[in-house]
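1. here are the coordinates; sequence isn't available:
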Ligand SMILES: Cc1ncc(COP(=O)(O)O)c(CN[C@H](C(=O)O)[C@H](C)O)c1O
């Protein structure tokens, strides 16, 4: 049986989630009449300390809704060059909001106030103006980096000083909060909207939450409908999301397993695996002289699934369907794959 470390998106619903789905009270959510969706939105807003929240089918849709609500056609969006909203969402900023990215190359995934100031463009007869700053926490492509709230707040202050709103792609927000022992309310205090996923480390089969003040969420609800995300008896899939919100504290187990995985892989001659902040382990195979695609394919032959995220960069993600015994087995299997590649 392969150990699937491709992503924390592969988690499968628990029995408690399946029971919650089966028992869910439902209604037409487009009319605001699904009691389970309403309960989830209220619980989610309460959890992150915002006025309101919107249940969306995917993290991608939540991010793209936020961009559309915050910006006007032709404006610029300041973001980290490796951010998901820029690199992994099919050019959605251009396709769905007709805005242009202004990328910043950061060391740890979060622009500094100086980065924001340098990237900011004031609207003029010739220049479009900056319409949004997006941040990401944890930062996926930078290795699941848990960004401290002070850095989020500093970047947000630099944007707000220039009347630029801030969206936080918090697909793994709770991983950051658990890793840094920071309350979600503090992490999102200074941003104007936040997206977080129920369907990743928290284990729900479907869904994300887009949260903000009441005015933002009302506008986001209309854009969700425009994007085709108006759902009917969605309580069936929202009920597992309520169960998922009870899973936050167990994320530390994923982080511990990731630390063990990284240490085990780093000890294999030819691999380099820095100690992770959270549940994402990055493995570099340049010293082995093997590209990521070949490494991933050989690991898969040996029963460990990962993902190529760069020419010699492979990503492994721990999650609630993988326990410590699986991690020890994965290390052994990767070691065997490396011997085959050597
Ligand atoms: C930071 C961040 N923001 C948004 C999303 C989009 O969420 P979904 O659209 O997959 O629900 C992801 C998903 N990330 C997925 C993964 O990590 O396996 C893939 C790469 O899309 C994400 O990592």
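-> Perfect, I can see it now. Keep in mind the model is a prediction, meaning the values are calculated, not measured.
2. Give me the distance between residue 69 and the ligand.
-> Per CB to the nearest ligand atom, to the nearest Å, residue 69 is found 17 Å from the ligand. To be clear about C-beta, it is placed using only N, CA and C from the backbone, and glycine gets the same treatment.
3. Could you list the contact residues of the stretch 101-250 of the chain toward the ligand?
-> Taking CB under 6 Å from any ligand atom as the measure of proximity, the stretch 101-250 of the chain contacts the ligand at 136, 140, 169, 171, 197, 199, 208.
4. all helices for the stretch 151-300 of the chain, in order.
-> Here the stretch 151-300 of the chain has its helices, by DSSP state H, counting those that start in this stretch, at 173-180, 184-188, 214-226, 235-244, 251-266, 292-301.
5. can I get the ones you listed in JSON lines with mean pLDDT and mean neighbour count?
-> As requested, the helices of the stretch 151-300 of the chain are arranged in JSON lines below (pLDDT from 0 to 100; neighbours: other CB atoms under 10 Å):
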{"stretch": "helix 173-180", "mean pLDDT": "98", "mean neighbour count": "25"}
{"stretch": "helix 184-188", "mean pLDDT": "98", "mean neighbour count": "21"}
{"stretch": "helix 214-226", "mean pLDDT": "98", "mean neighbour count": "17"}
{"stretch": "helix 235-244", "mean pLDDT": "98", "mean neighbour count": "25"}
{"stretch": "helix 251-266", "mean pLDDT": "98", "mean neighbour count": "21"}
{"stretch": "helix 292-301", "mean pLDDT": "98", "mean neighbour count": "18"}
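6. buried sites along stretch 96-103?
-> Buried residues in stretch 96-103, counted by 16 or more other CB atoms under 10 Å: 96-97, 99, 101-103.
7. Make JSON lines out of these and add secondary structure.
-> Formatted as JSON lines, the entries for the buried residues of stretch 96-103 read as follows, by DSSP: H, G, I helix; E, B strand; the rest coil:
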{"residue": "96", "secondary structure": "helix"}
{"residue": "97", "secondary structure": "helix"}
{"residue": "99", "secondary structure": "coil"}
{"residue": "101", "secondary structure": "strand"}
{"residue": "102", "secondary structure": "strand"}
{"residue": "103", "secondary structure": "strand"}
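8. what's the closest of these to the ligand?
-> Minimum separation from the ligand among the buried residues of stretch 96-103 (CB to the nearest ligand atom) is found for residue 96, which lies at 13.4 Å.
9. how about that closest one, what does it touch?
-> With contacts taken as CB atoms under 8 Å, 6 or more residues apart in numbering, residue 96 has the following neighbours: 64, 67-68, 227.
10. Nearest to residue 342 among those residues?
-> Using CB to CB, residue 64 is the member of these that lies nearest residue 342, at 43.8 Å.
11. Which residue is the nearest non-sequential neighbour of the closest one?
-> Leaving aside its sequence neighbours, residue 64 sits nearest to residue 92 (CB to CB, 6 or more residues apart in numbering; 4.5 Å).
12. Show the contacting residues for that neighbour.
-> Applying CB under 8 Å, 6+ apart to residue 92 gives the contacts 60, 63-64, 67, 85.
13. What is the burial count for the residue of the chain found nearest the ligand?
-> In the chain, the residue found nearest to the ligand is residue 59; the distance is 2.6 Å by CB to the nearest ligand atom. Applying other CB atoms under 10 Å, we find 27 residues neighbouring residue 59.
14. What's the per-residue pLDDT of it here?
-> Among the per-residue scores, residue 59 holds a pLDDT of 98.
15. I'd guessed it sits against residue 171; true?
-> Yes - taking CB atoms under 8 Å as the definition, residue 59 is a contact partner of residue 171 at 4.7 Å.
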